[in-house]
Each structure stands twice: as structure tokens, then as C-alpha cells.
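>>> requesting a structural model of the entry that follows:
(chains A, B, C and D)
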Protein chains: 4
Amino acid sequence: MTEPRFTFGLWTVGNPGRDPFGDPTRAPVDPVESVRRLAELGAWGVSLHDNDLVPYGTAAAEAERIVARFERALSEAGLGVGMATCNLFGHPAFKDGAFTSNDRAVRRAAIGKALRAIDLGARLDAEVFVFWGGREGSEVGAAKDPRDALERYREALDVLVEYSVAQGYRMRFAIEPKPNEPRGEIFLPTVGHALHFISTLARPELVGVNPEVAHETMAGLSFHHAVGQALWAGKLFHVDLNAQRIGRYDQDFRFGSEDLKEAFHLVRLLERSGYDGPRHFDAHAYRVEDAAGVWDFAAGCIRTYQALAERARAFDELPQVRDALAAASAPELGEPSVAAGEHPDALKAEADRLDTLAERGYYNERLDQLVIEVLLGLH
Amino acid sequence: MTEPRFTFGLWTVGNPGRDPFGDPTRAPVDPVESVRRLAELGAWGVSLHDNDLVPYGTAAAEAERIVARFERALSEAGLGVGMATCNLFGHPAFKDGAFTSNDRAVRRAAIGKALRAIDLGARLDAEVFVFWGGREGSEVGAAKDPRDALERYREALDVLVEYSVAQGYRMRFAIEPKPNEPRGEIFLPTVGHALHFISTLARPELVGVNPEVAHETMAGLSFHHAVGQALWAGKLFHVDLNAQRIGRYDQDFRFGSEDLKEAFHLVRLLERSGYDGPRHFDAHAYRVEDAAGVWDFAAGCIRTYQALAERARAFDELPQVRDALAAASAPELGEPSVAAGEHPDALKAEADRLDTLAERGYYNERLDQLVIEVLLGLH
Amino acid sequence: MTEPRFTFGLWTVGNPGRDPFGDPTRAPVDPVESVRRLAELGAWGVSLHDNDLVPYGTAAAEAERIVARFERALSEAGLGVGMATCNLFGHPAFKDGAFTSNDRAVRRAAIGKALRAIDLGARLDAEVFVFWGGREGSEVGAAKDPRDALERYREALDVLVEYSVAQGYRMRFAIEPKPNEPRGEIFLPTVGHALHFISTLARPELVGVNPEVAHETMAGLSFHHAVGQALWAGKLFHVDLNAQRIGRYDQDFRFGSEDLKEAFHLVRLLERSGYDGPRHFDAHAYRVEDAAGVWDFAAGCIRTYQALAERARAFDELPQVRDALAAASAPELGEPSVAAGEHPDALKAEADRLDTLAERGYYNERLDQLVIEVLLGLH
Amino acid sequence: MTEPRFTFGLWTVGNPGRDPFGDPTRAPVDPVESVRRLAELGAWGVSLHDNDLVPYGTAAAEAERIVARFERALSEAGLGVGMATCNLFGHPAFKDGAFTSNDRAVRRAAIGKALRAIDLGARLDAEVFVFWGGREGSEVGAAKDPRDALERYREALDVLVEYSVAQGYRMRFAIEPKPNEPRGEIFLPTVGHALHFISTLARPELVGVNPEVAHETMAGLSFHHAVGQALWAGKLFHVDLNAQRIGRYDQDFRFGSEDLKEAFHLVRLLERSGYDGPRHFDAHAYRVEDAAGVWDFAAGCIRTYQALAERARAFDELPQVRDALAAASAPELGEPSVAAGEHPDALKAEADRLDTLAERGYYNERLDQLVIEVLLGLH
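Next up, the predicted model:
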């Protein structure tokens, strides 16, 4: 197994600690400084929105200077770019959506901005280009027919992916779903909706998902099941790691800081799956931190991932775990239920056996208790 | 526009008022009596699980007698069967799942039971056969690899659909997603996950979804957006109508009794969409009701649907609504964003116009207030 | 019955449409302009944070000029001040809390700022002074012992209330609970916690609660039950009206725009209770609105409250409703269960009658369906 | 520090694995067998509803025989009774509530049944008698005025507590709040509401709360904050330990199996607080377990509590933790904010220092990361 490659968004360590009720608590961080510090912490690379690096409205020459300076910083630090994306949510023009704004001119501007961001991503050799449609939604059901919205969403992605192919770019694309916030309801609210949407695109093979812990958890869904469905479909192109409590505002806490058991299942699944993309931290330091606390935060993300990966290996090597998995018949779920060519009558006859089949136990308490005890360092 | 066809599950009006903390408050209802009463209320038909009609373990001759008597009752009442399904959750044998039980023998018995239920559905001329995988999940992440579970789920559905085709049955199939309860986490938790899963089946054209108000709402997702994605995909094969508060146990309240605005958007969408399948009430009377209260409940479901359909028509005919939709640019969302053959540079250039594009408002307050006022009978 | 008095926070119609992911979409509004527009809409008055009127750091002479100009505007428009409060959340100094910051100097500054805000409230003749402890909480359980935090909270409120009494101010005080956001967990998360906390204060008779629809709803609690407990305790000193979906970020939508039935129960309860304080809208226009849309929003709040009050009166006058309430034995809940001096043995004997007592129904379906039909204008 | 005393409800290890969608998966367990097995596991005692031991309707002589046999079993096993309570939810008579049923005859029967259960509790020397008002609520707002319901609730508790005092019983009482399920909304939904309600009783000194992990968590509230407020008020009379995911049906999972960090904060708080009541497990084995799995479940509850208590001690002894607590100014929260007799003007003047006070950080990332690392056994 190769070492996991850790990446951080420029906007994560650069988060100024603003929230809906309070002003920033930290000064902006120069992206070049972030690159330097993240390299020291052992990160493999960074990710960025277009405007994390080049503010909207920057003149071309100045933009070139900024990008070139950033490329030098990456090169000096030995960092790569795991992912690039386009900020289609911050500017007031996107208040009603970007690719699904009711205003056609806004939709066109959004596509245009994304085209430029794809160029930037390609220049920086980003592995994946992500679409987070945070504004693609509504508070008011009457304002948008969801069928029209999905049609516009599909149109935009088809245009953008086709452009990338036409330019000869090697990037793959990933959709990042979210159920709500900043919009009342967001289209493509979960990994499932995004996976289905991808199946309707012109080039589905180039588009996967970028599931985020916080986003699925907001809706109370199991994150490792979401990642499992994406892996099963061959569509896990990127992953956003952070922490969140169910049914809350988008918290983006330090990875592993909430729901340690689910984080364990996630890391165990990722490490066993052969997924070789970035382990991307899309989180930020608590607003109570000063500039120094940000680096505590970043170090904690990596340290907890590594500790959970070690605990997952320990778990899978424990004889008691193997016994408990066998008692739960966990390996048996990998076997086909029906043999090729079986006659339906044979299966129908087995339906008479339910009373007998009901007798056994599955010993899930034992198995889950072992998870807890491994997490607590008791084995 | 044809009249909506209303159907009720036998288990809905027959619900005995048992809950996790209390014993039944109502006596069982003879399915034949339910057929008679529902016909009086103006229902088009009924739906049923195999064991709503024929208890598990009934000998063949007795089963035949029960089914024949039920067919006569349907014929006398002039009711159809909108949907049939298989109870794969009540028997203790299914405690770890049916198609995704870790025990292969249970999986085979589940498939066998479903084959028989498909036969019954075909005999009763059901339009749709539904799969609700209520037990297909887990409380313990370590016990089931989600990839294995999805593979078994797919295998089972492919076997069952193929059987139906081989028998020459005309039924279509529909998957009914649910996020949790009775399992801690259920596979295919939302309409999105189910739509994606269907795209992986051997005969995707025969399988759609059966979204349920309560189930999407448990996860806090917009139900009419879920139905919208299903319609957009041509996959709305059935729909389960009831009511639910977000983030609660599965309530299955009377249709329209919670979140009247979302119910309005749903009815408006269904009535405008050309969906011609059953409007199926999968709900039950409050446990405080006696036998008479059950029919208050059933009448209320129909009456509220009809009232909302009338309000939706009134809404769409109001001049103020047309003006507000125009002010929101709602119709413009139906127009393609990009013309055929447009050069990317034209789109890129439009990205410089964001400040100008940000100036306008979308008048969603006005539009949503009109929804509220139409609901309140003020227009 | 007197006419309800409607008030709006300066920060509500003045909300610039900033959110965690996007910049403001509307320009700031001069408080004097808000006063003028609200008077035109029929509002009785306004409410304000200290810094809604006088920005933090304003020099004394300029502050005096601002306040005097505002007083003139109120006087000219004929508006009153329903409520005043202190902004203890916006400045970065309060990032770890105000009265419960771990830093004693911050706690002292917070008390000092609140003392000044009380002076301002008294000068403007505010009826109620509200404490919303939005920052009084934590993301990190280890950082604050909740017992210490409550002790500091109590200390601060006792100091502030005592000051007001010593100054001869007539204002009463009200605590506004909230479960989370902007902190991970907030102390005094619900109306219940606040009511209990008040019972521990030095002058409990001067302190009540200010329940907010959105805040209780975030936790999925019934808002009208919360208001009911406050009324029962004689502690409803103020109320914040808006709308919210369960389990989401703090939405502060237009009153009545979500969960119309709960809004109906709330208005019915307020109008029947004799509560004569302000009906205070603590909400804001959707971010997609421009400046004009803000006044659509404000007008909608008032219009929906009035419509619901009218529907509540119509409901209570309907003969079918009286019959349904009687069938539900609703009036009987007002009768004592036990007569004075009853012997316990008599009560014990009645416990043998459960089987008989179980037979009746409560006809709640009929009653709730009448609510829906009255809401839909069918009666 | 004395050893924690662990207790289990008879209904927990005796839970038959029934749920809303499925029949029981396990046979009933003889309470005497439960006593024996729990003693072997190291439990200190048991708790029980009246009908866990004596089924409703049992004739007096048979009831006496059952109780006497149970007393012998307790004595032989050396177990005590930590808590007794009354089943006021299972019988259909309580479908509309017990103390707050709209039917006065039901309310009287409920009080009578509770009087008998208090006699049984006193006979068994229970330390605490718990009121869980699971049916005290409604699905239909119009059916119950919440003020009437609270008045009836208070009346019932005053009658019952007075009876206990009159009989010379030494038991204390505890209210167990819950937000919903089995009712749509339950009165006294959280620990806060119950604490306030207690302050209105005739003998508040005899009544405290029995917070349950699952119940507060269903509403997404911090459990250790709820316990903290109860401890601060001197009202933690009992505690129900289990596990739950936010925003779900009542899960009652094995203690510690969900949200390990919150469980850690809870155990740390309990162990530091001097609380010497039972650590009561109100949970049950997953439905997939057979009879043997139940004892895996019970052993796991105890084992995880003990491990967390050990981790909490280790945490508090770590030098890094002491440093991090100091950096967070956590101890400073224990200091009064204002000195006796301070002049308000001194405090007002400190409000001008906010910019300076905003500069520091609170190092909560470092502190919380230490919690995670201690939990993972890294220290």
C-alpha cells in the first residue's frame, strides 16, 4: 500500500474565521505561505478555487504574475495540485445560482468563468476539477422547476467537459453534492443524486463524485455508505474530509473531530479500496483560533487520519475480529445468492424455511464492540 | 387532464395502531371490508404486500380461497390494484436484511418469496411491483461492506425482473428508498441513490422509483425536488403520499397534514407533469383513532389532495402569479444557456460582467407570498 | 381584542444578504429610512441592537447625534421601540463567548457593553431588553465546564438586571435561546433551559423568555408547545416570528413561509392567550432580493400573521370544530384529575379499568383535517 | 472515588427485538434469569417498570408470588434496585396520554397505576422513581392546549410525590424528558423543560431529572451540557446511558457505540461531579442478536464506560492537557467576572477594549485534538 497523499484547500488554512454572525478573527494568509507551511506538515499538495489565488477582477498581467509566483512556490515546496475548482458562489451575481440561475446571462457568465478556471486547473496540472453547486438551488419552490434546473445543469457540465476534452486536458471532473446551505434546497443534494446525474451526461466516463463528510452528514446519511456506492460505481474521483454533526449548519470541523467510528469506517474503506486520489481536507480551524491555531488544526487532520489508518490495519489483523466477522457471516455477503441457471422454483421453495432461518444470531454487538475497543486502544 | 386515481395500501387503513412502545389500539380489518369502504370513498384501487392478503405460512388451498375472495371483492367494488409488493421485513428471518442479508440462505429465501409475490401481483394485474428494502442496511458498519451489499441487491433485482419478463408479465418495477428505520442505515437511502442504482441494472428500462414523502423528508430533503429528478429521468413509476416532520421516526401521517407548502409544490408538479400512475396513500390513522377514525383519515387524504390540486390550478391562472414568475425569470430557466456551436471565448468574456449581473432582484418573496396566500384561500 | 402590534428589527429589513459563502447582495439601509418604510407598512415599532444604530467605536458626540436623529424619526413616524438588545456576537473579541468567554477580561467588557446598551434601551423607552447568547457556547467540550459557564451566565444577568433596577429603568428582560450556530453547542439551547435558568436568578420576576420560531425549530421542537410552556409560566415577555425548516442552518425566513400549520397554532395560541407584547419579526428577505424585494418581504410577514389570526378566529367559530374538539375531549383537559381530599385507594382502583378505557377513539384525524381545511380556505 | 454502580433495566436485557416493521426475534427473558446474569457481569443492580415484573392484570396472589420470588433472586445475587417506574405507555388506554390524556378517567387510572408502582418501588427499596411521559404529547396541535396539559402534569406529580411523603417512603423522583416518539410532540421535550417544570412543583426538592443520552441526542442537543445544567441545579437524580444518532427514531444502542467523544465528555463529567447514583443502561441489543448476543451487549456497555472513565483520568493527568487547558483559559471560567461592589462605570469603560481583546487565540484545536488522541490510545 502506498502512502496516502494529503491535500488541503487554500481556503481551508486561509479561512479568516468569519461566520454569519461575526466578523473575521484572522488575517488573510498568502497562498505562498500556505504552500510553505503545508509542505512542512507533510502534505502532498494543495487545492484551490480560481479566486483563492487570483481575486475576481484581477487584470491579466497581474493574474499572470500571481500564478507564476504560485507555481514557483509549489515547485520549491515540492507540492502538487490535487484539485482545482471555480468559485461560482461568492459573487452576488450568483445569488440565484450559477449554471441554474434563472437569468440566462448569469448562466453564461458562470460557464465562462468555469471555462477559465478549467484552463487554470490544467495549467497547474490539477488531477481533478470539482463542481460544487452550492448556489444551484432555491428557497422558493415556485421559482424553479427542478426539471428545468437539472436540464441546465446537465447542459453546463456537458459544455465544460467537452471543452476540456477539446483542449486536450487530462483532468477528470467530480461533482460535490450538498443538501442545503447556502440555499434552502440544493439540486443534487446527495452522492446518490449526483451519481445518477452523471449517468445522464454526454461523457459520463470523465465525471465522478467528490463526496464530503460534512455534506452527507448534514442530511444524516452514512458517509461511508455514500463512499461505498461511489466506489462500487467506479466513481470516487476525489474525497473531502472534515467533520460535522447531523442536522446542523455546515461545520467543516477538523477531520475526525466528530463521529470517530464513522471516520474509522471511512478510512478503513478508503485504505482497502485501492482509491489512490488525494485525501483532501476541506475543513477549517475553529473561529476561536488565532493564526498559530490554524496549524494545530492542519496537523490534527493528518495525524488523526494516520492514526485511524493504523487502527484499521490493527482491527483487520485481530483474530477476534476475524472470528466476529465470521460469526456475522460478513464474508458470505461477497458470494452470489443465486447460481447461474437456477430454476425459480428452487428459490421459491426456500421461502418456506423462514422460521428456521430466523433462529441464528449475527453477533454484531460483539463486532461493533471490537471496533470501539480498537478505537480506544484496548487491542 | 384526467382525474387522479387514488389508491390506498391494505396495510394503511388496516393499520392496527401498534408502535414501539404500545400495543395495538384497533382490531385487524378484513381486506374485503377495506375494499368496500375505499370504493365508497372514491378510491380507484388498492395496493398490497403478499402477506397483507395471505398470511405467511398459509397452505396453498387456503391461500387460493383468500385470493379468489379478494378478486371477487375487487370486481364487485370496481377497484383495481395499483401496486403489489413483497413483505421482506416482518419475519424475524429478515432481521439482517433480505436481498442483502449476510446469510446466503436468507437471501435465497427472500428472492424466492419475492418471486411468489410477483406471481401474485401479476395475477391481480398490479401495474407496478415495488421493492422497499427496509431491512437492507445495518446498524454496524463493520458487518457489511456496502459494495458487497449493493452487488447482492443488484443481483436480486436482476433475477427478479428477468423472471417477470420470462413469465410475460407486464408489470413494471419501482424501488422505494428510505434513509433509516428500521435499520440504523439503509442502502439506497434516497431517490438519488435509487436512480443511480437503477442505471446499473440489466434491464433499467423496466425499473423506476417509488418516492415516499415521509422517507425523503426524514433526511430533510425536498420531496418535490426528488420527484422532479425522477420525472426528469423518466423514472417516476409510482409515488407514496403521506406526511412527516423532518428528523423523526417514520410517521406516515395523513397526506397534507404536515408541510402544506411542500405538499402544494408536489401536487402542482404531479398534476403538471403528465404522471398518470396512482396517487398512492401510504399512511395510517393516528394511534388515538378507533375504527371509525380510520375512515376520517382516508377521506382526509383524498380531500386534501383534491383541494391542493384545485389550489395549484388557481395559482397558475392568477395574473399576479404570472407576473411574479416573470419577475423571477422562472420561464427563462427553460431556455438553453449556450447556443449550438458557440465559441468558448464568447462565454469566457461574459464572465467579466458579474458586477452588472448582480444588480437585479429575483422577486422570490413576492412569488412565495403568493403561494402562501393562494394556500390560505386569499386569491 | 386589541390589534396586534407588529415590530421589525432594524437588522431585519436592513439585512444586506451576506451569507457564509457569499458577499452582500444589498446595500446597507439607513435606520431612519427603515423607520419611515415600516410606518408605511403599518408596523407599530422597531427593535434594535446597540450597533444597528450606533456602530461600535463611534465617538460620544457622533453617537448622540445619531441617537437624537433616530428619536426624531421615530417620533415623526409615530413608531415605538418594542425591544432593545446588545450585539455581543459580531466583534471578534466575542469569538469565545461574551458573558461566558473563558477570558475574564472579555466577560467584563461584555457586561460593560450590555450596561451601555441597557442605557440606550431605556432612553428609547424599549419595553423589553433581550439577551441572545449566540456566542455563549463551544465547539469543544473540554474547553468549558458547562457548570462554570452557567454560573458566569447567571452572574452577568444578575449584575445587569440589578443595574437596571438601580437606575430606575422600567424595562423587563428576556432570554432568547438557540441550540447551535454560530457555536457548535450553545448554552440555554431551548426555551425550557432558559425558563429553568431564569428560576435561578436573583430577580426572576423581571426576566422572561423571547422564543424564536427558527431556534426551537432547528432542534425539531414544537414552537407552539414552547410558547405554551412560557405562557403557562407567565414568562412570555417577547416573541420572535420567522420561519425555518428543521435541522438546518438558521434561516430566518419570512413569517409563515414554512410549516403553515405550526404557524397557525402559534398565532391561535398568541391571540387567545392575552399576550399583549410586540409580534416581532426577526427575519430577513431571501438573499436573491434587491432593495425593493425587502419590502415585499416585510409586507408578507404582516399579511400572513393577519390572515392566520383571521383563520384562527374562523376555526374557533365553526360548529364542526366545536364538535370535533368535544369528540377529542379537548375541553376536558382543563378539568382537574383529582378532587380535593380524594383517597389514594380510589385512584388505585381505577387502574383496573384500562381495558374499558382503551375502547374509545379521540377523533384527532377529524380535528386536524378541519385545521387543514380552514387553512385552505374551505370553511 | 468510589466505583461506579452499574444498573440495567429488566426491559433492556429482556428486550425481544420487536420493531415497528418486524416481529420479535428473541424469546422473553425471565427477570430472575436477568438478575443472575447481570450479577455475573458485575452489575450493581437492576431497574424495572411495574409490568416488567408483574404483567398488567395479574391477580393479587400471583403478583405477590412473583414479587417475592424476585426479591429472593435479588438477595441471592446481591443486587439492588436502582430505579423503579410505571409503565404508562404500553396499554392502549394510554394512547392519548396518561397524566395528560384528554379523558379524565384515563388520567385518574394513570395516577392510580403510578401510586401502585410507587408502592412496589418502595417495597423493593428503589432509590429513585422515574416518570417518563412517553405518551404525554400529541400529533395534533388543536387537540390539546399545552397550558392545560402542563397543569394536569403538575397536578399528577404533586399528588404522587405527596403520597410518597405521606407513606414515609424515602424515594426521590426523577422526570425523564424526550422530544418525540411515540408521540409526534412530547411535553417536557428536553432536560431544560423538565428542570423548569420541577421548579413549579409543590415539593421541588424531591424531584430531579433522569436525562437519557438518546433522548437529548434525538433533538441534536449536547448531552453533557444537559447533564451539566442538571448538576449545576443539583437535580441529577438518575441517568440513562445508551447511544443514538441525531435526528432518528429512538435507537437505544449500546452505551458508547455512537459519538465516542460526547460519551467521553459525559463520563468525564459524571466522574468528576461527585454524582453517586446509578450508571443506568437503558439500551438494548441490536435486533439481529440472538439470546447470547444480548450478553455481549450488556458486557460492552460496562466495558466501554470503564474504558472511558480510565481515558478521562488519563486525559486529566497529561501535562499537555493541562497546558492546553491553560492556553484555552478554561480554569479562568471558574472565576467571577465582577468583584463585589464594582462600579458599573468601570465595566462600561472596559467595553472600549474589544479590539485588543480580540487578538488572542484560545487553542481549542490543540485541546480537542488531545481528546481525540487520548481516545485513540495515543497518550
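>>> run through the residues that contact A:Arg135.
By CB atoms under 8 Å, 6 or more residues apart in numbering or on different chains, the contact set of A:Arg135 is A:Leu88, A:Phe89, A:Phe94, A:Lys95, A:Asp96, A:Gly97, A:Ala98, A:Ser101, A:Pro182, A:Arg183, C:Phe21, C:Gly22. In short, each C-beta sits where N, CA and C put it, glycine included.
>>> now with 10 Å?
By CB atoms under 10 Å, 6 or more residues apart in numbering or on different chains, the residues touching A:Arg135 are A:88-91, A:93-101, A:106, A:110, A:182-183, A:186, C:19, C:21-22, C:287-288.
>>> ok, A:Arg360 touching A:Ser329?
Yes - under the criterion of CB atoms under 10 Å, A:Arg360 makes contact with A:Ser329 at 8.6 Å.
>>> name the residues contacting each of those two.
Common contact partners of A:Arg360 and A:Ser329 (CB under 10 Å, 6+ apart): B:Asp96, B:Asp103, B:Ala105, B:Val106.
>>> check the residues you listed against chain A, which are close?
Contacts with chain A within these, counted by CB under 10 Å from any CB of the partner chain: B:Asp96, B:Asp103, B:Ala105, B:Val106.
>>> quick check: phi and psi at the nearest residue to the last one once chain neighbours are set aside.
Meaning B:Val106. Nearest residue to B:Val106, sequence neighbours excluded (CB to CB, 6 or more residues apart in numbering or on different chains): A:Leu357, at 5.2 Å. Backbone torsions of A:Leu357, given as degrees, to the nearest 10, read phi -70, psi -20.
>>> so which residues of the stretch 201-350 of chain A form helices?
Ranges of helices in the stretch 201-350 of chain A, per DSSP state H, counting those that start in this stretch, are A:213-218, A:223-232, A:260-273, A:291-317, A:319-327, A:344-350.
>>> quick check: buried residues in the third one?
Across helix A:260-273, burial judged by 16 or more other CB atoms under 10 Å in any protein chain shown covers A:260-271, A:273.
>>> what's the farthest-apart pair in the residues you listed?
Distances among the buried residues of helix A:260-273 were taken as CB to CB; the most separated pair is A:Leu260 and A:Ser273, at 20.0 Å.
>>> which parts of the stretch 101-250 of chain A sit against chain D?
Residues of the stretch 101-250 of chain A lying close to chain D by CB under 10 Å from any CB are A:Thr217, A:Ala219, A:Gly220, A:Ser222, A:Ala243, A:Arg245, A:Ile246, A:Gly247, A:Arg248.
>>> got JSON lines for the buried residues of helix A:260-273, with pLDDT and distance to chain C too?
Formatted as JSON lines, the buried residues of helix A:260-273 follow (pLDDT from 0 to 100; distance: CB to the nearest CB, whole Å):
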{"residue": "A:Leu260", "pLDDT": "98", "distance to chain C": "13"}
{"residue": "A:Lys261", "pLDDT": "98", "distance to chain C": "17"}
{"residue": "A:Glu262", "pLDDT": "98", "distance to chain C": "17"}
{"residue": "A:Ala263", "pLDDT": "98", "distance to chain C": "17"}
{"residue": "A:Phe264", "pLDDT": "98", "distance to chain C": "20"}
{"residue": "A:His265", "pLDDT": "98", "distance to chain C": "23"}
{"residue": "A:Leu266", "pLDDT": "98", "distance to chain C": "21"}
{"residue": "A:Val267", "pLDDT": "98", "distance to chain C": "22"}
{"residue": "A:Arg268", "pLDDT": "98", "distance to chain C": "26"}
{"residue": "A:Leu269", "pLDDT": "98", "distance to chain C": "26"}
{"residue": "A:Leu270", "pLDDT": "98", "distance to chain C": "25"}
{"residue": "A:Glu271", "pLDDT": "98", "distance to chain C": "28"}
{"residue": "A:Ser273", "pLDDT": "98", "distance to chain C": "30"}
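>>> give me every residue that touches A:Ala330.
Contacts for A:Ala330 (CB under 10 Å, 6+ apart) come out as A:321-322, A:324, A:362-364, A:367, B:102, B:140, B:142-145, B:148.
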